[in-house]
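> Using only what follows, build the 3D model:
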Amino acid sequence: MDTRYRCWMGDLPPPLTQIPLSCLAIPGSHDSGAYGLDKSAGVSVDEPKSISVLGSLCCGAGLSLISRWSVTQDISLLQQLEAGVRYLDLRVCVKPETADAHFLHGLYGSKVMTALKEVKEFLNKNPKEVVLLDFNHFHNMDAICHKQLLTDLKRLFGTLLVPVNVNLSPWQMTLENIWKTPMRVIIFYSDKSSANMNEFWPSFAIPSPWPNTSDPRVLIEFLERNYNGNHRDNNGGFYIWQGVLTPGTGTILSHLCGSLKDSVAPRASRAFLEWLANKKPGPQGINICLGDFVHLHDFIPSVLRLNNKLSHRK
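Numbers count the residues shown, from 1 in each chain. Coordinates of the predicted model:
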């Protein structure tokens, strides 16, 4: 795995450390916790009954099929950060018959807090890096489960958290200003249970338009409309550009021996990175870029190279 970009924020030239985070090109991973999924635990609670039935078929063949089309990353959260990812897209559930929060996507993944401890360790070793954690899908979680997860997150990250009421405007959220504080983690949490907690940012603070297509041409048309139509508000806020394709049932049935990694992700990354090459970061330009299997296809270097197009803004 390429770790040249382990400290890319700390390695930026001073002019770029004075630019808002929302105006930098930042690599992000799609379904960041969907690595190392556990077939032995059965189909996860985010899937409909029909998929659960599929998982019970053919002496494990159904679970193998689900696994091949559910895994979106090959490496752990820590390895993603070491490769240069700074935005993590997190889907969470409380695993039935347990009290433990797990990542999930078709199948169950790692325990959330175990994986996030590695995120904190990464930040302790790389003190100039800033990480965005986006909790945007929840399953099998009631108010008590949310309270426990939120409490665990506050306990784990403590003073590393950037609060919503931080004494910085969006335009002042630069690396240079953040480095003057102990803060290094921004958490977005898309459930009302966090509404009165200043440690957590609402989901509307990080728009993430979903292309929802398995066709690369439709993906590019969607991205082009958003880019040229200035669909992104010029307010200093974050914005996600999704470079992913979503396989439908037809795609999966026509590639029964294939996988998301082999049959879809290369086409998505190739189309997205070709589109991205002549774009520029900025207030209404490129910000967070999302992809599957981000350690492949030159994804992370291609996103980071866009920052070479930036000049210092007063």
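
> who's in contact with Gln73?
By Cβ atoms under 8 Å, 6 or more residues apart in numbering, the contact list for Gln73 reads 29-35, 80, 292-295. C-beta here means a position set from N, CA and C on the backbone, and glycine is covered the same way.

> let's see it at 10 Å
Contacts for Gln73 (Cβ atoms under 10 Å, 6 or more residues apart in numbering) come out as 29-36, 79-80, 85, 88-89, 105, 109, 261, 265, 291-296.

> Could I get the buried residue list for stretch 280-297?
281-297 (16 or more other Cβ atoms under 10 Å).

> ah, wrong one, I meant stretch 98-113
Along stretch 98-113, these residues count as buried under the neighbour rule (16+ other Cβ under 10 Å): 101-113.

> ditto for stretch 122-135
Going by neighbour count (16+ other Cβ under 10 Å), the buried part of stretch 122-135 is 122-123, 126, 128-135.

> And the furthest pair within those?
Maximum pairwise distance among these (Cβ to Cβ): 24.3 Å, between Lys128 and Phe135.

> how deep is the closest residue to Gly42 other than its chain neighbours tucked in, by neighbour count?
Among residues not flanking Gly42 along the chain, Gly55 sits closest, at 6.1 Å (Cβ to Cβ, 6 or more residues apart in numbering). Close neighbours of Gly55, defined as other Cβ atoms under 10 Å, add up to 23.

> correct me, but Gly55 touches Ser44?
Yes. Using Cβ atoms under 10 Å, Gly55 makes contact with Ser44 at a distance of 9.5 Å.

> Pull up the overlap in contacts between these two.
Contacts common to Gly55 and Ser44, judged by Cβ under 10 Å, 6+ apart, are 66, 106-107.

> Which members of those are positioned in strands?
If you go by DSSP state E, these have Leu107 in strands.

> can you list the shared contacts of Gly55 and Ser44 in CSV and add distance to Thr159 and pLDDT?
Listed next are the shared contacts of Gly55 and Ser44 as CSV, based on distance: Cβ to Cβ, whole Å; pLDDT from 0 to 100:
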residue, distance to Thr159, pLDDT
Ile66, 41, 93
Gly106, 36, 95
Leu107, 35, 97
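
> so where is the stretch 51-200 of the chain shaky, pLDDT-wise?
Residue ranges of the stretch 51-200 of the chain with pLDDT under 70: 53-54, 56-59.

> returning to that earlier point: could you dump the shared contacts of Gly55 and Ser44 to CSV with distance to Asn235?
As requested, the shared contacts of Gly55 and Ser44 are exported to CSV (distance: Cβ to Cβ, whole Å):
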residue, distance to Asn235
Ile66, 40
Gly106, 36
Leu107, 38
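
> Return the member of the shared contacts of Gly55 and Ser44 nearest to Gly236.
Gly106 (36.2 Å).

> distance of the closest one from Val166?
Gly106 sits 36 Å away from Val166, going by Cβ to Cβ, to the nearest Å.

> Please compute how far the helix or strand where Phe138 lies lies from its chain's middle.
Following DSSP states H and E, one finds Phe138 within strand 131-139. The chain centre lies 8 Å from the centre of strand 131-139; the measure is Cα atoms, centre = their mean, to the nearest Å.

> what's the helix or strand just after it packed up against?
Sequence order places helix 143-157 as the next helix or strand after strand 131-139, per DSSP H and E. Helices and strands touching helix 143-157, by 3 or more Cβ pairs under 10 Å, 6 or more residues apart in numbering; DSSP states H and E, are strand 87-94, strand 101-105, helix 112-125, strand 131-139, strand 185-189.

> Distance to Ser50 for those - can I get that in a markdown table?
Putting those into a markdown table (distance: least, Cβ to Cβ, whole Å) gives the following:
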| stretch | distance to Ser50 |
| --- | --- |
| strand 87-94 | 19 |
| strand 101-105 | 16 |
| helix 112-125 | 27 |
| strand 131-139 | 17 |
| strand 185-189 | 30 |
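
> among these, which is nearest Arg6?
Across those, Arg6 has its closest neighbour in helix 112-125 (8.5 Å, Cβ to Cβ).

> Okay, angle between the closest one and helix 143-157 too, please.
In terms of direction (axes from the mean of the first three to the mean of the last three Cα atoms, to 10 degrees), helix 112-125 departs from helix 143-157 by 20 degrees.

> Between strand 131-139 and helix 112-125, find me the angle.
For helix 112-125 against strand 131-139, the angle by the same axes, to 10 degrees is 180 degrees.

> Residues contacting stretch 305-314, please?
For stretch 305-314, contacts defined as Cβ under 10 Å, 6+ apart pick out 8, 12-20, 23-26, 171, 174, 276-283, 285-286, 289, 298.
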